[in-house]
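Novice: This is the structure alone, sequence omitted:
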Ligand SMILES: Cc1cc2nc3c(=O)[nH]c(=O)nc-3n(C[C@H](O)[C@H](O)[C@H](O)COP(=O)(O)OP(=O)(O)OC[C@H]3O[C@@H](n4cnc5c(N)ncnc54)[C@H](O)[C@@H]3O)c2cc1C
């Protein structure tokens, strides 16, 4: 087992470099040897990467690199909302309370040149809402299971069907005291199947603390095969290897796996090599009177910022079209 643990007062940059020192595979053009082939490959690569370059223009390069490097240890300049990040959607919910319908999954979208109709389920009954335009912010992982009539353009259909979603799992372990602070360790990047471990209560007052595992990919899917108590037991065993003492301090745990959440069916979208050029141009593009928002339609995939920016963009599109 190898562990890169970060000390609370260690220089963040060093920690990130050692934690994220994996070598990436050389790109196709670096691997080509002959001059002619290299030129061809580069221009092909350039064309293929054009959508990525256009995305990069709307985001500072360093931000993209930081994002690609993954999440690191808790930093003093991490921003969060005092009282909990869920205060943000709750603040929207208060302002929009009369317009929101909870527990009402959309099951069908109908659209034509005159308007849109959305069929949703409420108390096991189909209900319909009609409007001039629709802004669809449902993740593509869910949208691909929703009937659309008439079907969207072929490019949009393909993007909705093929855009991959990452699997992520978090298991939170509440401890009666933050025994790990005695050694100053608040974060560990490991090669264990639970992957990363955070002290998510690091900047919070109180004596109790929560260590949380943050697991992605196939490891997260394997965790999904276990029931809740098996997940907690497994995580406890794994965390004990990095944070000896967790057993004596453990009070209770809870897991969340985004693949099994019917409202998201995955944690966040991403692109396999070659997919961005094929899929991206169709993702934010309106289809008739249906407009698209959500972080998956923005340059800020996996960030709330992407949800906001794309929401503004879609609202602007509707204003301009109306
Ligand atoms: C593990 C994890 C950690 C993250 N950490 C951060 C972070 O530290 N900072 C950050 O900025 N971002 C973070 N994010 C990303 C952030 O949560 C997303 O970028 C943001 O929530 C995207 O907002 P959205 O509106 O596009 O999508 P969502 O928040 O997924 O909203 C989609 C909405 O569609 C609804 N919906 C789904 N299906 C239907 C249906 N059939 N009918 C009607 N409604 C439906 C859902 O209920 C949901 O309300 C994290 C995400 C994950 C999974």
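Specialist: Yes, it's here. Please read all numbers here as calculations on a predicted model, not as lab measurements.
Novice: drop to CA atoms for contacts and neighbour counts, all remaining ones
Specialist: OK.
Novice: how far away is whichever residue of the stretch 151-300 of the chain sits closest to the ligand from residue 119?
Specialist: Nearest residue of the stretch 151-300 of the chain to the ligand: residue 294, at 3.1 Å (C-alpha to the nearest ligand atom). Residue 294 sits 20 Å away from residue 119, going by C-alpha to C-alpha, to the nearest Å.
Novice: what about the closest residue to residue 189 other than its chain neighbours, how many neighbours?
Specialist: Leaving aside its sequence neighbours, residue 189 sits nearest to residue 196 (C-alpha to C-alpha, 6 or more residues apart in numbering; 4.6 Å). Residues near residue 196, counting by other C-alpha atoms under 10 Å, number 24.
Novice: The residue of the stretch 151-300 of the chain closest to the ligand touches residue 311, doesn't it?
Specialist: Yes: counting by C-alpha atoms under 8 Å, residue 294 touches residue 311, with 6.7 Å between them.
Novice: Next, give phi and psi for the residue nearest to residue 189.
Specialist: When read as degrees, to the nearest 10, the backbone of residue 196 gives phi -110, psi 150.
Novice: do the same with residue 193
Specialist: With angles defined as degrees, to the nearest 10, residue 193 sits at phi -70, psi -10.
Novice: quick one on the thing from earlier: which residues touch the residue of the stretch 151-300 of the chain closest to the ligand?
Specialist: With contact taken as C-alpha atoms under 8 Å, 6 or more residues apart in numbering, residue 294 is in contact with 137, 138, 139, 306, 307, 308, 310, 311.
Novice: what's the answer for residue 287, then?
Specialist: 152, 153, 156.
Novice: Over to residue 196?
Specialist: 187, 188, 189, 190, 213, 214, 215.
Novice: Next, the distance between the ends of stretch 117-129.
Specialist: 6 Å.
Novice: centre of the chain versus that stretch, how much separation?
Specialist: 28 Å (C-alpha atoms, centre = their mean, to the nearest Å).
Novice: could we number from 580 for the rest of this?
Specialist: Happy to do that; since the first residue is 580 now, the last one works out to stretch 696-708.
Novice: What mean pLDDT does stretch 710-724 get?
Specialist: Confidence over stretch 710-724 (mean pLDDT, whole number) is 98.
Novice: Please enumerate residues in contact with that stretch?
Specialist: By C-alpha under 8 Å, 6+ apart, stretch 710-724 touches 693-696, 739-740, 742-744, 841-845, 868-873, 875, 893-894, 897.
Novice: In helices, which of these appear?
Specialist: With DSSP state H as the criterion, helices contain 739, 740, 893, 894, 897 from among the contacts of stretch 710-724.
Novice: got the residues of this structure near the ligand?
Specialist: Taking C-alpha under 6 Å from any ligand atom as the contact definition, the chain meets the ligand at 684-685, 716-718, 721, 842-843, 846-847, 873-874, 881-884, 886.
Novice: Of these, which count as buried by neighbour count?
Specialist: Among those, those classed as buried by 16 or more other C-alpha atoms under 10 Å are 685, 716, 717, 718, 721, 843, 846, 847, 873, 874, 881, 886.
Novice: Roughly how far does the fifth one sit from residue 813?
Specialist: When C-alpha to C-alpha is the yardstick, residue 721 and residue 813 sit 30 Å from each other.
Novice: Spatially central residue in the protein, please.
Specialist: residue 847 (3.1 Å; C-alpha atoms, centre = their mean).
Novice: Please tell me I have it right and residue 889 contacts residue 874.
Specialist: Yes: using C-alpha under 8 Å, residue 889 makes contact with residue 874 at a distance of 6.7 Å.
Novice: Give me the below-cutoff pLDDT ranges for the stretch 580-729 of the chain.
Specialist: For the stretch 580-729 of the chain, applying pLDDT under 70 flags the ranges 580-657.
Novice: Recalculate using a threshold of 50.
Specialist: Residue ranges of the stretch 580-729 of the chain with pLDDT under 50: 581, 583-622.
Novice: Stretch 694-709: which residues count as buried?
Specialist: Quick answer for stretch 694-709 (16+ other C-alpha under 10 Å): 695, 696, 697, 698, 699.
Novice: next one: stretch 732-740
Specialist: For stretch 732-740, by 16+ other C-alpha under 10 Å, it's 734, 735, 736, 737, 738, 739.
Novice: Looking at stretch 882-891 now, give me its mean pLDDT.
Specialist: 95.
Novice: Helices of the stretch 630-779 of the chain, start to end?
Specialist: 640-647, 666-674, 719-722, 733-741 (DSSP state H, counting those that start in this stretch).
Novice: winner for burial among these?
Specialist: Highest mean neighbour count of the helices of the stretch 630-779 of the chain: helix 719-722, a mean of 22 (counted as mean count of other C-alpha atoms under 10 Å).
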